[in-house]
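Visitor: fold the stuff below for me.
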Amino acid sequence: MSNITHVINLTMKKQKFVNMCYFNYKKAGLFLMCVILAGSTIISCNQPEINETKQAETTEIKSPKADIGAYQNRSIDQLLELLALRQIKEIKAGEYKHGIWDTVLISMPPDAPWFGYPQGVTLMGMQYANRILENPSISSYVKEYIKIATDDYAYSVWQRKTFGTILNKGGDFSRLIRMNMLDDCGAGSAAMLEAIANDEAYLTTELSEYLHNVSYFISETHWRLEDGSFWRPVSPGSRPLSLWADDLYMSCPFLIRWAEYKDDPKFLDDAALQIINFASYLQDDDGVWWHAYLVDEDRPAKYKWGRANGWVMLATTEVLSAMPEDHPQREKVMTIFRKHIEGLKNYQSEEGLWHQIIDHPELNWGVETSCSAMFTYAISRAINRGWIDQSNLEVVRNAVQGLNMKVEADGTILGICRSASIGSDLKYYEDRPTRPDDQHGPGAMLMALSEYLMIEQK
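Guide: Numbering: from 1, shown residues only. This is a model prediction of the structure:
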């Protein structure tokens, strides 16, 4: 790839200054500049990158199977229902006081799972599962959670407008107001749009305002390279000046649903552009994707992390599902997708699952559950829609059996890698811990099992 000019997509008022600084940068100087610009243009709630306080602290390095008694006689229908109902948590709306600041101080925040991209995937997975289960308690939970989240968002907006600050800056729903990276809003808002379109969720004023703000952030203000690709000139707690495979899911599922909601195909076109552009940076000759692209070094990162490939597969599947047959970019996206599937098939393990680093089965870490579920969903959808041949059924059947073996009798999912940055060596990925029922697993499992069961129903 020839050297490219990497331009930060900020306001026109700052563009000339940014360009001047960029072409004369030293790496440290550019990083400092990006930090300053990010601080001046984005309001942050200063929340840690990953809030994991509500999960158990037990960690383990290996990827174990569940007890054989848990899955030996369990059907996939039973597994889907078990996992879907397990995601229904006890939640409580906030009690919000308006008036003077002293009144705000006695308000009560909501009590619900942390709103971040994993919860967005979980909410999406619950809705996909309920197409089969048709359980009113699942749809009620999704609706209630969305209302609690957007009510808290509205209260934070009111506080900031009234007092210039927010009381609960690090709360469970603070990412709705923070919105300074795609992780903060893309996956969650996609699940909200899914609920509006398919589950008759109540479209409140607060939800509408939030979704319009997400659209503006993603489409108008988020950083882009010169070719329109999303990238991260700053990345809190991780490597800056990079383009992440993960960000395809953090953007595209929202964009395609927003295109439908607003009846405006430009958002679908943008999603297709992201898939095509990202593939030019990250898809290797074997079809599998590198975790990230290091923009300042003009090269991909070294390793093909499982869940990064999973995010890509989910996003590409969603985009293809929304693209009309005569879309001018459909064949390009489909070619990228099929190449990815063929590449992954070559690395499927004897257990039916895929490894933490796709092309490094020798690592002691073992197979990783969340990425395997993501691949299973994507390949199952491809079979269901006739995008690939029925001969691929064996791939997903083996994968589903492997996934079943990762779930304990009570629905606890094993073998899920916790969040990861861009690793500079294999040891980084080898050392990433797992945690039973880590938040990155349930949504992907629900999507995979529900799509697979549609195949079996046929």
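Visitor: contacts for stretch 307-315 next, please.
Guide: 244-253, 271, 274-275, 278, 282, 288-292, 337, 340-341, 344, 358, 368, 370-371, 373-375, 377-378, 417, 420, 440, 444, 447 (CB atoms under 8 Å, 6 or more residues apart in numbering). Any C-beta I mention is one placed from the backbone N, CA and C, and that applies to glycine too.
Visitor: next one: stretch 194-212
Guide: Under the contact criterion CB under 8 Å, 6+ apart, stretch 194-212 has outside partners 123-124, 127, 130, 139, 142-143, 146-147, 150-151, 153-154, 157, 176, 189, 192-193, 257-258, 260-261.
Visitor: now list the buried members of the residues you listed.
Guide: Neighbour counting by 16 or more other CB atoms under 10 Å classes 123-124, 127, 130, 139, 142, 146-147, 150-151, 153-154, 157, 176, 189, 192-193, 257-258, 261 among these as buried.
Visitor: the residues you listed in helices, which ones?
Guide: Residues of the buried ones among the contacts of stretch 194-212 located in helices (DSSP state H): 123-124, 127, 130, 139, 142, 146-147, 150-151, 153-154, 157, 176, 189, 192-193, 257-258, 261.
Visitor: any stretches of the stretch 1-150 of the chain with poor pLDDT?
Guide: 1-62 (pLDDT under 70).
Visitor: list the buried residues in stretch 380-394.
Guide: So, applying 16+ other CB under 10 Å, buried residues of stretch 380-394: Ser380, Arg381, Ala382, Ile383, Asn384, Trp387, Ile388, Asn392.
Visitor: so which of the residues you listed are in helices?
Guide: Per DSSP H, those map to helices at Ser380, Arg381, Ala382, Ile383, Asn384.
Visitor: and which of the residues you listed is nearest Glu451?
Guide: Ser380 (4.0 Å; CB to CB).
Visitor: and stretch 351-371, average pLDDT?
Guide: Mean pLDDT, computed over stretch 351-371, is 97.
Visitor: quick check: buried residues in it?
Guide: When burial is assessed from 16+ other CB under 10 Å, stretch 351-371 yields the following buried residues: 351-358, 365-371.
Visitor: quick check: the farthest pair among those residues?
Guide: Pairwise distances across the buried residues of stretch 351-371 (CB to CB) peak at 17.7 Å, for the pair Gly352 and Ile357.
Visitor: quick one: the helices in the stretch 251-400 of the chain?
Guide: 252-262, 266-282, 306-322, 330-345, 369-384, 393-404 (DSSP state H, counting those that start in this stretch).
Visitor: tell me the most buried of those?
Guide: helix 369-384 (a mean of 28; mean count of other CB atoms under 10 Å).
Visitor: helices or strands next to that helix in the packing?
Guide: helix 306-322, helix 330-345, strand 354-355, helix 393-404, helix 442-457 (3 or more CB pairs under 8 Å, 6 or more residues apart in numbering; DSSP states H and E).
Visitor: and the residue nearest to Arg330 when sequence neighbours are not counted, how far from Thr316?
Guide: Among residues not flanking Arg330 along the chain, Met323 sits closest, at 4.8 Å (CB to CB, 6 or more residues apart in numbering). To Thr316, Met323 is 10 Å away according to CB to CB, to the nearest Å.
Visitor: what touches both of the two?
Guide: Common neighbours of Met323 and Thr316, using CB under 8 Å, 6+ apart, are Val333.
Visitor: follow-up on the earlier one: need the buried residues of stretch 380-394 in a markdown table (columns: distance to Tyr428 and pLDDT).
Guide: Converted to a markdown table, the buried residues of stretch 380-394 look like this (distance: CB to CB, whole Å; pLDDT from 0 to 100):
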| residue | distance to Tyr428 | pLDDT |
| --- | --- | --- |
| Ser380 | 31 | 98 |
| Arg381 | 31 | 98 |
| Ala382 | 32 | 98 |
| Ile383 | 35 | 98 |
| Asn384 | 36 | 98 |
| Trp387 | 34 | 98 |
| Ile388 | 33 | 98 |
| Asn392 | 32 | 98 |
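Visitor: now those in a markdown table, with distance to Leu225?
Guide: A markdown table is the format used below for the buried residues of stretch 380-394 (distance: CB to CB, whole Å):
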| residue | distance to Leu225 |
| --- | --- |
| Ser380 | 33 |
| Arg381 | 29 |
| Ala382 | 29 |
| Ile383 | 34 |
| Asn384 | 34 |
| Trp387 | 29 |
| Ile388 | 31 |
| Asn392 | 34 |
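Visitor: and Thr204, how many neighbours?
Guide: By other CB atoms under 10 Å, the residues close to Thr204 number 14.
Visitor: for it, report the pLDDT, please.
Guide: pLDDT, Thr204: 90.
Visitor: go on, the one 4 residues further on?
Guide: According to the model's per-residue confidence, Ser208 sits at a pLDDT of 95.
Visitor: tell me which element it falls in.
Guide: Per DSSP states H and E: Ser208 is located in helix 205-216.
Visitor: how close does the nearest residue to Ala190 once chain neighbours are set aside get to Thr335?
Guide: Leaving aside its chain neighbours, Ala190 sits nearest to Pro253 (3.8 Å; criterion: CB to CB, 6+ apart). Distance of Pro253 to Thr335, computed by CB to CB: 21 Å.
Visitor: same check, this time on Gln390
Guide: Plainly put, Gln390 is 20 Å away from Thr335 if you go by CB to CB.
Visitor: cool, Lys304 as well?
Guide: From Lys304 across to Thr335, the span is 19 Å (CB to CB).
Visitor: now Leu320
Guide: Distance, Leu320 to Thr335, by CB to CB: 11 Å.
Visitor: same check, this time on Ile88
Guide: From Ile88 to Thr335 the distance is 40 Å (CB to CB).
Visitor: list the contacts of the nearest residue to Ile413 once chain neighbours are set aside.
Guide: Excluding the flanking residues, the one nearest Ile413 by CB to CB, 6+ apart is Gly441, at 4.5 Å. Contacts of Gly441 were listed using CB under 8 Å, 6+ apart, and they are Thr369, Ser370, Ala373, Ile413, Ile416.
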